[in-house]
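>>> sequence and computational prediction follow.
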Amino acid sequence: MAGQSRIGTSLGASWMIIREYAACTECESPHMLRIGIGHEPVEAHQFSCTGCGLEMGIRLETGVGMTFGPNAKKIESDDSAAVVNLHPSFVFAKEELGSADAFPSIDFGRDMIRALKDAREKAGLPHDLPKLAADQMRPAPITEEWEHLRAAWSLSRNEKYDLAGKRLAGFIPNAGYLEPPETLEDWVFQFAGILTQPHFEQLFERLFQPLKIAKGKDDFGRFVAHYGKLMSAAHARRYFEACKAYLNAFTEFSRVHHLVTTNIQIGENHAAASTNFDATRMIYGNLFEAFGDNVEVLVALNNLIEDRPFDQLRNITLAAYQHSDKAGRCKAIAENADMAAVCIEFDNQMRNASHHGGMAFDRATGTIEYRSGKGGQGDVRTMSYAVYLARSSQLFIQLMLLFRLEILLAREFGARLPL
């Protein structure tokens with residue numbers, strides 16, 4: 001349950017709301033900004049001018065303060081100004097976007113705390129959340145830690161192992177880990193866990209039983225050798241690129257990420273106050289591609305479970321499967337409940353629209369429009385930007401569950417690590 005403290009720390013900061021006033025540099029329309037404070041060192045917000053619809057923005061940065069722009073300037077207090085609610089850690093009910101009485105941290109906070117306690121209970125831990133000791137280091141913000149982990153991971157991928165080790169040694173002692181990682185693989189494994197807990201930990205643990213069954217099959221050794229030689233390196237590249245894409249845009253995804261990891265449903269009645277769609281429009285499609293490729297690990301394990309060679313599905317070979325349409329890749333494990341549970345979010349229609357620039361975004365309403373069907377020739381579909389963020393977050397989390405399983409598999413059975 002390493003990820004609990006991250007959510008708890010975020011909640012602690014998220015109750016605070018500050019008020020600032022900004023005008024559009026184009027039409028001079030005034031705005032009263034009610035800004036929630038989160039846990040990340042940089043929190044950026046983009047929103048539409050209520051007068052002319054032009055994109056406006058503000059940025060809060062630790063050690064720097066608040067900066068205004070694009071198309072926004074600080075003005076004196078104006079109680080007649082339109083209210084704009086912004087929060088880095090939560091979405092809003094649509095009807096509250098312009099309300100001075102909106103407090104999403106209260107609305108969602110209770111459910112998040114309840115989810116944390118339930119997860120602790122399922123893990124056999126005391127129901128009450130542990131208190132942070134006075135001398136205990138606070139956990140690092142996700143984006144701050146990612147900056148260091150990304151550097152160490154990149155250095156390791158470039159075979160600069162000494163430099164990667166120095167980066168780990170320089171950061172981890174101050175990162176607030178209860179069990180500090182001593183190797184890059186352990187750091188990545190724990191960090192990926194932080195990004196998925198608490199709710200998805202149970203789905204990760206459900207994968208242990210299929211792995212246990214598969215390792216007892218005669219062809220398991222051949223699978224491990226094949227994985228290390230022909231799968232691990234390609235999978236590692238996809239995991240690294242997926243983490244970069246998602247975490248480099250975390251100022252957008254932070255609005256939904258912890259809600260998704262505590263299994264709080266985000267629907268069309270919710271709105272993300274910040275709408276920097278340009279930073280996220282292709283992420284679902286890219287995550288879909290990575291997941292659709294790397295899920296072959298589960299397929300190979302399932303082949304073993306069903307008493308076949310690891311590279312033989314029911315009707316086709318693994319090689320043929322690897323060249324099949326990604327839209328159907330998860331069907332091969334649909335009857336394995338433990339594996340299917342990590343494939344819930346996998347929408348080919350959304351992939352096509354995201355991957356091929358087929359999504360149109362209305363910033364004023366926070367609505368995404370795209371066409372279903374082959375080649376985007378089907379019916380028009382719509383979803384809120386908040387839902388798009390949440391579904392992208394879930395797909396990323398599912399990918400992290402696969403990632404952790406592969407690290408575990410490689411570590412336990414001596415294969416090349418997917419780093």
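Perfect, thanks for sending it. All values derive from a computational prediction rather than experimental measurement.

>>> quick check, Gly57 in a strand?
Yes: counting by DSSP: H, G, I helix; E, B strand; the rest coil, Gly57 is located in a strand.

>>> checking the closest residue in space to it that isn't next to it in sequence next. Helix, strand or coil?
Using CB to CB, 6 or more residues apart in numbering and skipping residues adjacent in sequence, the residue nearest Gly57 is Gln46, 4.4 Å away. All C-beta atoms are positioned from the backbone trio N, CA, C, and that covers glycine. Three-state assignment for Gln46 (three-state DSSP): strand.

>>> pLDDT at Gln46, what is it?
On the pLDDT scale, Gln46 is placed at 95.

>>> now it: how far from His257?
18 Å (CB to CB, to the nearest Å).

>>> one more: Ala164?
From Ala164 to His257 the distance is 26 Å (CB to CB).

>>> and if you look at Gly53?
28 Å.

>>> more neighbours: which of the two?
Neighbour comparison, Gly53 and His257: the larger count goes to His257, with 25 against 15 (by other CB atoms under 10 Å).

>>> so what's the residue count around Ile75?
Neighbour number of Ile75 under other CB under 10 Å is 15.

>>> how about Val84?
Under the criterion other CB under 10 Å, the count of neighbours that Val84 has is 22.

>>> quick one: it is in a strand?
Yes: when three-state DSSP is applied, Val84 is found to be in a strand.

>>> from what I can see it touches Gly98, true?
Yes: between Val84 and Gly98 a contact is recorded at 7.2 Å, counting by CB atoms under 8 Å.

>>> strands of the protein, residue ranges please.
Taking DSSP state E as the test, the strands found in the chain are 17-24, 30-36, 42-48, 55-61, 65-68, 72-74, 82-86, 92-93, 270-271, 360-362, 367-371, 380-384.

>>> distance to Leu149 added to the ones you listed, as JSON lines?
Converted to JSON lines, those look like this (distance: least, CB to CB, whole Å):
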{"stretch": "strand 17-24", "distance to Leu149": "30"}
{"stretch": "strand 30-36", "distance to Leu149": "26"}
{"stretch": "strand 42-48", "distance to Leu149": "17"}
{"stretch": "strand 55-61", "distance to Leu149": "20"}
{"stretch": "strand 65-68", "distance to Leu149": "27"}
{"stretch": "strand 72-74", "distance to Leu149": "33"}
{"stretch": "strand 82-86", "distance to Leu149": "28"}
{"stretch": "strand 92-93", "distance to Leu149": "31"}
{"stretch": "strand 270-271", "distance to Leu149": "30"}
{"stretch": "strand 360-362", "distance to Leu149": "31"}
{"stretch": "strand 367-371", "distance to Leu149": "31"}
{"stretch": "strand 380-384", "distance to Leu149": "31"}
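
>>> what stretches of the stretch 51-200 of the chain score poorly on pLDDT?
127, 130-136 (pLDDT under 70).

>>> now with 90?
Applying pLDDT under 90 to the stretch 51-200 of the chain flags the ranges 79, 104-138, 178.

>>> with the stretch 301-419 of the chain instead?
354-358, 363-364, 371-379.

>>> again, only this time at 70
In the stretch 301-419 of the chain, residues with pLDDT under 70: 373-376.

>>> tell me where it has helices.
With helices called from DSSP state H, counting those that start in this stretch, the stretch 301-419 of the chain shows them at 318-321, 337-340, 348-355, 385-413.

>>> now do the contacts for the residue lying closest to Met66 once chain neighbours are set aside.
Nearest residue to Met66 in three dimensions, chain neighbours excluded: Leu60, at 5.3 Å (CB to CB, 6+ apart). Shown in contact with Leu60 (CB atoms under 8 Å, 6 or more residues apart in numbering): Ile35, Ile37, Val42, Glu43, Ala44, Met66.

>>> Ala360 too?
Counting by CB under 8 Å, 6+ apart, Ala360 touches Ile368, Glu369, Tyr370.

>>> what about the last one, neighbour count?
The burial metric for Tyr370, expressed as a neighbour count using other CB under 10 Å, is 21.

>>> got a list of what it touches?
By CB under 8 Å, 6+ apart, the contact list for Tyr370 reads Gln349, Met350, Ala353, Gly358, Met359, Ala360, Gly376, Val380, Arg381, Thr382.
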